[in-house]
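Peer 1: below are the sequence and a predicted model for it; my questions follow.
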Amino acid sequence: MGKQRTRKAALKRFKITKNGKVLHRSHYIRHLRSKKGKSQLRRLKKMKTVEGVFKKKIKKMVGK
């Protein structure tokens with residue numbers, strides 16, 4: 001049986017913390033920024049946590 005390969009695309013998009021949380025960058029921040037308020041843009045800069053079934057899948061893809 002071979003080794004499990006790390007999915008490089010998932011590794012670039014997600015960060016796994018020491019305690020096992022999975023973080024991702026917010027969407028809705030890449031373009032059309034002039035329409036959005038300053039407080040919304042500040043809020044979107046922060047990384048968000050992934051919850052539920054996706055968290056387990058992402059951890060498996062990254063190899064943790």
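Peer 2: Perfect, I can see it now.
Peer 1: partners of the spatially most central residue of the chain in the sheet?
Peer 2: Geometric centre of the chain, nearest residue: His24, 1.7 Å, by C-alpha atoms, centre = their mean. In this structure, His24 bridges to Phe14, Lys48 when assessed by DSSP bridges.
Peer 1: isn't it up against Ala10?
Peer 2: No: between His24 and Ala10 there is no contact under C-beta atoms under 8 Å: 10.1 Å. (Each C-beta comes from the backbone N, C-alpha and C, glycine too.)
Peer 1: picking up where we left off before, residues in contact with the residue nearest to the centre of the chain?
Peer 2: Going by C-beta atoms under 8 Å, 6 or more residues apart in numbering, His24 touches 13-15, 47-48, 50.
Peer 1: where along this protein do the strands fall?
Peer 2: 14-16, 22-24, 48-49 (DSSP state E).
Peer 1: which other helices and strands contact the shortest one?
Peer 2: The one in question is strand 48-49. Other helices and strands packing on strand 48-49, by 3 or more C-beta pairs under 8 Å, 6 or more residues apart in numbering; DSSP states H and E, are strand 22-24.
Peer 1: for the strand it packs on, give the mean pLDDT please.
Peer 2: For strand 22-24, the mean pLDDT works out to 97.
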